[in-house]
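Participant: I'd like to go over a predicted model; first the sequence, then the structure.
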Amino acid sequence: MTPTWIGMAAGLLTSVASLPQVLKTFRSRQARDLSIWQPVLLTIGVALWLIYGMLIRDTPLILANITPLGCNLALTAMKLLFRHNDPQP
């Protein structure tokens, strides 16, 4: 196994890791238990990794950060959009 394939496998796993949370939040239309800071900070971090990957022209790094960027942007948006749907404690 080459370093590129290891990078692609790692990128695939970390990319799909946020999908279950995105789907659950979208289906339930509730984001009360999500901290706004987790997806915001991950969005910034992933965006920086994506920019870095583009600057050094590293395909696995670029591909590995596209999906998580979208997922974390979606979670941030849903946290803000669905706040009125959250049950009050």
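Facilitator: Cool, got the structure. Source: prediction; values computed, not measured.
Participant: Could you list the low-pLDDT ranges of the chain?
Facilitator: In the prediction, the chain carries residues with pLDDT under 70 at positions 86-89.
Participant: Give the helix, strand or coil label for Arg32.
Facilitator: With DSSP: H, G, I helix; E, B strand; the rest coil as the basis, Arg32 sits in coil.
Participant: number of nearby residues for it?
Facilitator: Neighbour count for Arg32, taken as other C-beta atoms under 10 Å: 14. Yep, even glycine has a C-beta here, placed from its N, CA and C like the rest.
Participant: Show me what the longest helix along the chain is packed up against.
Facilitator: Determined from DSSP state H, the single longest helix within the chain is helix 59-81. Counting contacts by 3 or more C-beta pairs under 8 Å, 6 or more residues apart in numbering; DSSP states H and E, helix 59-81 is packed against helix 3-16, helix 19-28, helix 37-56.
Participant: CA atoms of it as PDB?
Facilitator: Output in PDB follows, covering the C-alpha atoms of helix 59-81 (Å, rounded to 0.1, in the frame of the first residue of the first chain):
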ATOM      1  CA  THR A  59      -4.600  15.400  -4.300                       C
ATOM      2  CA  PRO A  60      -5.500  13.100  -1.300                       C
ATOM      3  CA  LEU A  61      -5.400  16.100   1.000                       C
ATOM      4  CA  ILE A  62      -7.600  18.100  -1.300                       C
ATOM      5  CA  LEU A  63     -10.200  15.300  -1.800                       C
ATOM      6  CA  ALA A  64     -10.200  14.500   1.900                       C
ATOM      7  CA  ASN A  65     -11.300  17.900   2.900                       C
ATOM      8  CA  ILE A  66     -14.000  18.700   0.400                       C
ATOM      9  CA  THR A  67     -16.800  16.600   2.000                       C
ATOM     10  CA  PRO A  68     -16.000  17.500   5.600                       C
ATOM     11  CA  LEU A  69     -16.100  21.200   4.600                       C
ATOM     12  CA  GLY A  70     -19.500  20.800   3.200                       C
ATOM     13  CA  CYS A  71     -20.800  18.700   6.100                       C
ATOM     14  CA  ASN A  72     -19.500  21.200   8.700                       C
ATOM     15  CA  LEU A  73     -20.900  24.100   6.800                       C
ATOM     16  CA  ALA A  74     -24.300  22.300   6.700                       C
ATOM     17  CA  LEU A  75     -24.200  21.500  10.400                       C
ATOM     18  CA  THR A  76     -23.400  25.200  11.200                       C
ATOM     19  CA  ALA A  77     -26.300  26.300   9.000                       C
ATOM     20  CA  MET A  78     -28.700  23.800  10.500                       C
ATOM     21  CA  LYS A  79     -27.700  24.800  14.000                       C
ATOM     22  CA  LEU A  80     -28.700  28.400  13.200                       C
ATOM     23  CA  LEU A  81     -31.800  27.500  11.100                       C
END
